[in-house]
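1. Quick check, what structure comes out for this input:
(one chain, ligands or ions: 1)
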Amino acid sequence: MSIAVRVRGLRRVFGERAVLDGLDLTIARGEFVALLGASGSGKTTLLRILGALDGADGGEVLVPEARTIVFQEPRLVPSKRVLANVTVALPRSEAARGQRALAEVGLERHARAWPATLSGGEAQRVSLARALVREPELLLLDEPFAALDALTRLKMQDLVGELFRTHRPAVLLVTHDVDEAVRLADRVCVLRDGRLVTDEPVAVARPRDPGDPAFAALRRRLLNDLGVHVAAAPPSDTPDTALSPIQTGVI
Ligand SMILES: Nc1ncnc2c1ncn2[C@@H]1O[C@H](COP(=O)(O)OP(=O)(O)OP(=O)(O)O)[C@@H](O)[C@H]1O
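-> Below you'll find the predicted structure:
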């Protein structure tokens, strides 16, 4: 297995608290890993360290040079048109790639638009195009769909799945949404008390259907690992409307 990310014994301390405390994580090249954890468990801290936006207090972190982060908010430059936002980090000679990246996220006709005229979902697609145009070996996604409405979120998940299959970067996706993690990832991890308490492959056939018993069983296990106790699946004659919000998998 060729490795994209190797983290050993990672420690990060804020004040008195070791937010990351002996964390180990390996991501293979081209592997999609989802990271779940309660609010404040240190997910963003880990992502920021992998993206070199923050330093570690101990341990070993090996990541590829070619890496990019997509945040919850698109962080576009308001004074640059959409295409210029996408190509901002490219040499001028490679600007044509920006147009192709926009086409991949379905926004080729918005190349000359200003960021302020885009919807939230469109702006986030631009930020994905900006990240992928550099062909990163590691793509760090920090709750990239959290601010979007449920329908846009599902469409974005499909898009990220497609882009992942085309570009094949290693991905670390931080999310609060257990279903999103199970839909997209090759492996899911749960961060608690400074380290990964769960790290397991997603053994659910693709395309992944939340109605698949293997999907539901993994969801239930992950929610339990996150401290949310969910009863076993209801009998099949129970109407869907009986599902509680927790069973949608968003923590
Ligand atoms: N620069 C900082 N200075 C002090 N404390 C910090 C700093 N950055 C993060 N923390 C603390 O570290 C803990 C973990 O924060 P982090 O943002 O990594 O959690 P998270 O799991 O991403 O949470 P959420 O899911 O709510 O986004 C929190 O208690 C936070 O207050």
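
2. could you measure the closest residue to residue 6 other than its chain neighbours against the ligand, distance?
-> The shortest distance from residue 6 to any non-neighbouring residue, by CB to CB, 6 or more residues apart in numbering, is to residue 62 (4.3 Å). Where you see a C-beta, it was placed from the backbone N, CA and C, and this is true even at glycine. Distance from residue 62 to the ligand, counting by CB to the nearest ligand atom, to the nearest Å: 20 Å.

3. so which helix or strand takes in the residue nearest the centre of the chain?
-> Residue closest to the average C-alpha location in the chain (CA atoms, centre = their mean): residue 173, at 2.2 Å. Residue 173 is located in strand 170-174, with elements delineated by DSSP states H and E.

4. swap in residue 46?
-> helix 43-50.

5. How about the residues of the chain by the ligand?
-> For the chain, the residues in contact with the ligand (CB under 6 Å from any ligand atom) are 14, 19, 37, 39, 40, 41, 42, 43, 44, 45.

6. which one of those is nearest residue 125?
-> The closest of those to residue 125 turns out to be residue 44 (CB to CB; 21.9 Å).

7. Next up, the contacts around the closest one.
-> Residue 44 makes contact with 142, 174, according to CB atoms under 8 Å, 6 or more residues apart in numbering.

8. What does the pLDDT read for it?
-> Looking at residue 44, its pLDDT reads 97.

9. Can you give me the distance of it to residue 176?
-> For residue 44, the distance to residue 176 (CB to CB, to the nearest Å) stands at 11 Å.

10. and if you look at residue 187?
-> For residue 187, the distance to residue 176 equals 18 Å [CB to CB].

11. One more: residue 190?
-> Going from residue 190 to residue 176 by CB to CB gives 12 Å.

12. which residues do those two both contact?
-> The overlap between the contact sets of residue 190 and residue 176 (CB under 8 Å, 6+ apart) consists of residue 36.

13. now the end-to-end length of stretch 45-59.
-> Using CA to CA, to the nearest Å, the span of stretch 45-59 from its first residue to its last is 14 Å.

14. same check, this time on stretch 28-35
-> Stretch 28-35 end-to-end distance (CA to CA) = 15 Å.

15. Only the buried residues of that stretch, if you could.
-> Applying a neighbour-count criterion of 16 or more other CB atoms under 10 Å, one finds 30, 31, 32, 33, 34, 35 buried in stretch 28-35.

16. As CSV, those with secondary structure and pLDDT would be great.
-> Shown next, in CSV, are those (DSSP: H, G, I helix; E, B strand; the rest coil; pLDDT from 0 to 100):
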residue, secondary structure, pLDDT
30, coil, 97
31, coil, 98
32, strand, 98
33, strand, 98
34, strand, 98
35, strand, 98
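
17. of the residues you listed, closest to the ligand?
-> Using CB to the nearest ligand atom, residue 35 comes nearest to the ligand of the buried residues of stretch 28-35, at 8.8 Å.

18. OK, contacts around that closest one?
-> Residues near residue 35 by CB under 8 Å, 6+ apart: 43, 46, 47, 172, 173, 174, 175, 188, 189, 190, 191.

19. Please report how far it lies from residue 4.
-> 15 Å.

20. contacting residues around the residue lying closest to residue 159 once chain neighbours are set aside?
-> Leaving aside its chain neighbours, residue 159 sits nearest to residue 105 (6.5 Å; criterion: CB to CB, 6+ apart). Residue 105 makes contact with 125, 126, 128, 129, 159, 163, according to CB under 8 Å, 6+ apart.

21. hmm, try it at 6 Å
-> 125, 128, 129 (CB atoms under 6 Å, 6 or more residues apart in numbering).
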